[in-house]
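Chemist: Sequence first, predicted coordinates after that:
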Amino acid sequence: MMARRALAIFSLLALLISTGCGLSRNTGKDAKPRTGAYGDPNSLASPTETATDPAAPPAEPPPGPGKAPGNNIPNFQPGAPPPTDEPERDPEEVDDESYPGAAARAMLRPQPFTEIVIEIDSVPGQEPDERALNYMIDTLSRITGKRVIREGGNSLPSTDGTTTASQVREMSKRRNTHSVAPRVSLYLAFLNGRAAESDRILGYAVLSTVIGFYPDRWRGLANVNNYAVEGSIILHEVGHLLAQTEIDYVSPRHRKSSNPAHGNHTTNQASVMYYEVETTGISSVVRGSDPLAFDADDLADFRDMAAGRL
């Protein structure tokens with residue numbers, strides 16, 4: 001009798017242990033730690049989260065820094081990081097609506113893109129200075145080893161005085177030229193007024209082949225050479241389309257500014273990729289009669305990207 005009672009009690013205890021009773025049956029080497037938001041084992045979930053099916057897939061994490069939900073276009077402002085996707089080392093096509101810097105290797109690699117087209121749309125009275133524009137075109141041609149030509153272009157309606165980066169992206173959808181091998185097409189919009197995001201912005205790259213400029217913000221600056229300033233600004237933003245500085249790669253020269261507020265810019269004030277060049281602080285770095293140029297480290301990064309090393 002006593003033996004049967006002991007056996008019954010032992011069986012009951014075994015049943016309680018096997019069904020959980022506050023303990024998990026999954027205690028072997030494949031057991032998974034309890035996790036909170038997005039699988040972080042150091043952030044325990046709330047009581048309502050723990051009630052979910054442990055076998056269910058984890059919640060989808062929010063978009064990464066600089067990425068907009070549902071597409072590959074970042075919420076790009078000056079200095080915003082790009083998507084974390086590995087860049088295409090041997091690009092066969094260019095997505096004109098990808099992040100700034102995504103078309104860099106297509107422009108720098110010898111094939112399959114052999115020509116670069118510059119399309120310029122301007123609000124009347126905001127057209128770029130021809131010398132400044134030619135300075136950028138000549139520089140881009142030397143760096144890429146490709147023919148760079150101007151093509152297309154429309155007159156843009158005057159804005160109400162402010163334009164957002166999103167509006168510039170929308171404008172670019174009405175462009176005349178698009179990137180199709182063997183040509184990469186860059187779209188430059190010269191607008192009146194200012195950027196809605198900041199009074200200090202002179203221009204910004206908003207997509208892989210799209211830039212918005214605000215000439216009103218620099219043509220009124222005192223004690224500057226207009227050609228030197230405008231040439232520097234235009235080349236600076238094209239530099240962002242060429243993935244400067246370290247937009248989707250890490251340079252072996254480690255020259256990107258460590259200040260998060262300075263974003264994808266170099267620490268070298270003598271380089272056209274210095275952060276003040278795209279702001280109203282440009283007068284503190286462009287003091288001569290000639291525009292700034294890419295420095296030796298910028299050029300070395302271009303060579304590494306062209307050779308497939310970056």
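Modeler: Cool, the structure landed. Residues are numbered from 1 along each chain as shown.

Chemist: how close does residue 210 get to residue 259?
Modeler: 26 Å (CB to CB, to the nearest Å). All C-beta spots, glycine's among them, are computed from the backbone N, C-alpha and C.

Chemist: quick one: which of those two has more around it?
Modeler: A direct count of neighbours by other CB atoms under 10 Å for residue 210 and residue 259 places residue 210 higher, at 27 against 11.

Chemist: Could you pull up phi and psi at that one?
Modeler: phi -130, psi 130 (degrees, to the nearest 10).

Chemist: Distance-wise, check it relative to residue 299.
Modeler: 24 Å.

Chemist: hang on, residue 171 packs against residue 190?
Modeler: No - the criterion here is CB atoms under 8 Å, and residue 171 misses it with residue 190 at 11.1 Å.

Chemist: list residues touching both of these two?
Modeler: 121, 156 (CB atoms under 8 Å, 6 or more residues apart in numbering).

Chemist: Reduced to three states, what does residue 133 come out as?
Modeler: helix (DSSP: H, G, I helix; E, B strand; the rest coil).

Chemist: And the strands in the stretch 201-310 of the chain?
Modeler: In the stretch 201-310 of the chain, the segments counted as strands under DSSP state E, counting those that start in this stretch are 203-207, 210-213.

Chemist: Format those as JSON lines; extra columns: mean pLDDT and distance to residue 102.
Modeler: Shown next, in JSON lines, are the strands of the stretch 201-310 of the chain (pLDDT from 0 to 100; distance: least, CB to CB, whole Å):
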{"stretch": "strand 203-207", "mean pLDDT": "96", "distance to residue 102": "8"}
{"stretch": "strand 210-213", "mean pLDDT": "97", "distance to residue 102": "11"}
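
Chemist: Figure out which of those strands is closest to residue 307.
Modeler: For the strands of the stretch 201-310 of the chain, proximity to residue 307 was assessed by CB to CB; strand 203-207 is nearest, at 23.7 Å.

Chemist: could you dump that closest one to PDB, C-alpha only?
Modeler: Taking C-alpha atoms only, strand 203-207 is exported to PDB below (Å, rounded to 0.1, in the frame of the first residue of the first chain):
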ATOM      1  CA  GLY A 203      22.600  72.100 -51.200                       C
ATOM      2  CA  TYR A 204      22.100  68.400 -50.500                       C
ATOM      3  CA  ALA A 205      22.300  65.100 -52.200                       C
ATOM      4  CA  VAL A 206      18.900  63.500 -51.700                       C
ATOM      5  CA  LEU A 207      19.100  60.400 -53.900                       C
END
